[in-house]
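1. Just the structure for this:
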Amino acid sequence: MARRNDFIGGLDVGSSKTCALVCQLGEGSKPVVLGWGVAESKGWRKGVITNLDAVVLSIKKAVEEAETKAGVPLDTAYVGVAGPHIKGVNSHGVTALGERPREVTLEDKGRVLQAAQGISLPAGRELLHAWPQEFLVDSQDSIREPMGMTGTRLEAHVHLVTASTTALESIVTAVNRAGIAFPEINGTVFEAMACAEACLAPDERELGIALLDIGGESSNLIVYQEGTVRHTASLPLGGEHFTNDIAVGLRTPIPEAEKVKRAWGERDAERPADGMLEIPGVGDRPSRVVSYAQLGEIIEPRAIDLVELVEQELTRAGCRKQLGAGIALCGGGAKLGGLALFAEQRFELPVRVARPAGLEKMGEELSDPAFATVVGLVCYGRRQRLMRETRERGWAGKLWSALSGRS
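-> Next comes the predicted model:
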């Protein structure tokens, strides 16, 4: 009989859709998909919850669909966090090892990481993630694991991700009211980090890559170099801005503009834009026929805005010239036709639309870039469990050695 611990869940609570995913942890290396559900998101504005009850209802609908398909309850889940309130910053910590050189211990490592996290945060902000970048022992830098090395001074460079306390508490409250608990203290995950778990290969992280998760009202950026996180940011532009531009430019309702945007995304970007589309009018106005070329004149300026925002962010962070593996696009907005090709020409770097992987029995639908976050949340949760089990086995081994009299 399966135990509750044999299951793991992910919950992507976005401004355009809410997605819940239930997986089983089997004997294989990958979690197995049991069921998933999607519901339209309501109660959001500019990446922040404005109607808690509406958000709770969306979560419940997605979770109920996932539970029905899976045949098991979704009690706990790793939850994605994103939006303009997310900020990333690099920090530095130092600790003395003593006047005489000695080996770096686990306690020393923990102490220097705590020192790096001890920055003074503004009121109303809290730490979401702390990712080590490198360690320095005396004058030697670029150390990934300092334990066992000898010196008198230990330093650490760490990337910190902070979030608005109010925005984070609103998400936690909505999830809890929907009957979902968090599996651990770090059960909330920056969505770009989750996408990276599902979409990026280890060699890409080593070589240097930027991942852009294009959501509904914002886009999230995470940059890897030499296997570690170097930069994170949230950009105030997402897929819904393209939809609104289409609705205004073609004078059509928002739902119809969304359909038109999807039709644009499904066309071959390298073929001439000579096709035609019938566009419903607003109210009693009759439908009109427009060409893909006319639609391109509306979409392309917003695509330029998005690429320029990414370019400015990468330049400001000093990462622009260190992306050997290029740029990966994911999220629903990544499917916008021609965006990857345009970005590739602008950056003069390889740009690809990244499809999530890492789970068994995903099927074609969950392999869509729009589900990168929820798939990545489960992958992230699986890795966290493995790390925790490894630590617990290590502590149990030390305890057994002590009790049995072994060194």
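
2. ranges for the helices of the stretch 1-150 of the chain?
-> Assigned by DSSP state H, counting those that start in this stretch, the stretch 1-150 of the chain shows helices spanning 52-70, 106-117.

3. Flag every buried residue along the first one.
-> Along helix 52-70, the positions that meet the burial threshold by neighbour count (16 or more other Cβ atoms under 10 Å) are 55-67, 70. All C-beta atoms are positioned from the backbone trio N, CA, C, and that covers glycine.

4. And the last one, by the same measure?
-> For helix 106-117, burial by neighbour count (16+ other Cβ under 10 Å) applies to 108-109, 111-113, 115-116.

5. Mind putting those residues into TSV with pLDDT?
-> TSV is the format used below for those (pLDDT from 0 to 100):
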residue	pLDDT
108	92
109	93
111	93
112	93
113	93
115	93
116	93
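
6. closest to residue 214 among the residues you listed?
-> Taking Cβ to Cβ as the measure, residue 214 lies nearest residue 116 of those, at 30.9 Å.

7. The closest one contacts residue 89, correct?
-> No. At 10.9 Å, residue 116 and residue 89 do not qualify as touching, with contact defined as Cβ atoms under 8 Å.

8. Quick check: neighbours shared by those two?
-> residue 160 (Cβ atoms under 8 Å, 6 or more residues apart in numbering).

9. on that earlier part again, okay if I get the buried residues of helix 106-117 as a markdown table plus distance to residue 47?
-> Listed next are the buried residues of helix 106-117 as a markdown table, based on distance: Cβ to Cβ, whole Å:
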| residue | distance to residue 47 |
| --- | --- |
| 108 | 39 |
| 109 | 35 |
| 111 | 36 |
| 112 | 34 |
| 113 | 30 |
| 115 | 32 |
| 116 | 28 |
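
10. Mind picking the one among the residues you listed that's closest to residue 231?
-> residue 116 (16.1 Å).

11. Now do the contacts for the closest residue in space to residue 114 that isn't next to it in sequence.
-> Sequence neighbours aside, residue 93 is the residue nearest to residue 114 in space, at 7.3 Å (criterion: Cβ to Cβ, 6 or more residues apart in numbering). Listed by Cβ under 8 Å, 6+ apart, the contact partners of residue 93 are 112-118, 155-156, 158.

12. Same question for residue 235.
-> Counted by Cβ under 8 Å, 6+ apart, residue 235 has contacts 218-221, 306, 309-310, 313.

13. now do 10 Å
-> 84, 212-215, 218-221, 305-306, 309-310, 312-313 (Cβ atoms under 10 Å, 6 or more residues apart in numbering).

14. Would you mind checking these for buried ones?
-> Buried among the contacts of residue 235 by 16+ other Cβ under 10 Å: 84, 212-215, 218-221, 306, 309-310, 313.

15. Just the ones in strands from those residues, please.
-> With DSSP state E as the criterion, strands contain 212-214, 219-221 from among the buried ones among the contacts of residue 235.

16. burial measure for the closest residue to residue 72 other than its chain neighbours, as a count.
-> Nearest residue to residue 72, sequence neighbours excluded (Cβ to Cβ, 6+ apart): residue 7, at 5.9 Å. Using other Cβ atoms under 10 Å, residue 7 is surrounded by 21 other residues.
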